[in-house]
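Enquirer: This is a predicted model, with the sequence first.
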Amino acid sequence: MLSRVAENIYWMARYIERAENTARLITVNTNLLLDLPKGVQPGWHPIIKILGCEEFYLSQNNGFDERAVLKFLISDINSPNSILYALRQARENARTIRDIIPREAWEQINNLFHCAKTNAQSGYSKKGRYAYMHNIILGAQTITGMLAGTMLHDMGYAFLKMGRNIERADMTTRIIDVRSADLLPEHESLTPFENIQWMSVLKSLTAYQMYRRLVQERVSRPYVLKFLLKEKTFPRSFFHSLLEVKSCLKELPRHKKLITSLNEVGKKVLRADQAILEQEELHQFIDELQLGLAKLNSEITRNYYT
């Protein structure tokens, strides 16, 4: 397989996953603002921090009012963190590999981009936002399912799965880091709302029902952290995503050094005791995981694309 083709498949998958995750974040934050006490609502600043684009956002905007943030996250074609930017990049990558992926998958990616672009205005308003985000999420999941069910499960599909799961692992760490820190200030009067905070973290990853089924404990910090970081059977947990990347690497040549780097990140997760990590320690721990993912991505690029 040509390195150019492998790289396009990899980034196509990452951008589709990124668009879906951004739509999830917007939906859950909208719902959270309705549930929390009026005086402690976190607003839209935490979403910008989750996506790591605060400096770029402030270079174009003066504050974090709802419409400005939503425009930045939905339709700003120059913002690497917007849904439209991600879908446009996924479309461009897919266009160059149309002989590799099924035609129906290319058509679905193309249609999702144009639909997202045409209806972007509806995502700014509370009335049309849920339907708009639901269509983005459903469209991305349709593409993922279509590729899984109709694409050859060869080397190309290994790069596709690898890209999707690295992006997914990265977003999981970002959600845990910023949401667990910024949603509610520490105050005795806010204790009853703590479970709402952690439910929001779970719902950002569509993990609430699976958490209740498997953990069978009330929603609380240590149990949620353990589930989202260490659970091997939940597809959006950090460790499960690492296992998926590892299985993909084993199908590719020259993978030994890459698997060694991946194992180092996995060991950090398994050895950590999230039940006793305070917020500052958790922030440092998450930073180490994200640096590990960035290193792995760089090594994949050097090993296969350059």
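Expert: Alright, I've got the coordinates. Numbers count the residues shown, from 1 in each chain.
Enquirer: Tell me the confidence at the residue most central in space within the chain?
Expert: Nearest to the centroid of the C-alpha atoms of the chain, with distances taken as Cα atoms, centre = their mean, sits Met171, at 3.4 Å. Met171 is assigned a pLDDT of 90 by the prediction.
Enquirer: Is it in contact with Ala23, as I believe?
Expert: No. At 11.6 Å, Met171 does not count as touching Ala23 under the criterion of Cβ atoms under 8 Å. From N, CA and C alone the C-beta is placed, and that goes for glycine too.
Enquirer: if you skip the residues just before and after it, what's nearest to the residue nearest to the centre of the chain?
Expert: Spatial nearest neighbour of Met171, chain neighbours left out: Asn21 (4.5 Å); criterion: Cβ to Cβ, 6 or more residues apart in numbering.
Enquirer: OK, contacts around the one you found?
Expert: 167-168, 171 (Cβ atoms under 8 Å, 6 or more residues apart in numbering).
Enquirer: Buried residues of stretch 124-137, list them for me.
Expert: Judged by neighbour count using 16 or more other Cβ atoms under 10 Å, the buried positions of stretch 124-137 are 124, 129, 132-133, 135-137.
Enquirer: What average pLDDT does it get?
Expert: Mean pLDDT, stretch 124-137: 92.
Enquirer: again, but for stretch 195-206
Expert: pLDDT averaged over stretch 195-206 gives 82.
Enquirer: how about the buried residues of stretch 124-137 in a markdown table, adding distance to Val219 and secondary structure?
Expert: Shown next, in a markdown table, are the buried residues of stretch 124-137 (distance: Cβ to Cβ, whole Å; DSSP: H, G, I helix; E, B strand; the rest coil):
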| residue | distance to Val219 | secondary structure |
| --- | --- | --- |
| Tyr124 | 31 | coil |
| Arg129 | 25 | helix |
| Tyr132 | 28 | helix |
| Met133 | 23 | helix |
| Asn135 | 28 | helix |
| Ile136 | 26 | helix |
| Ile137 | 22 | helix |
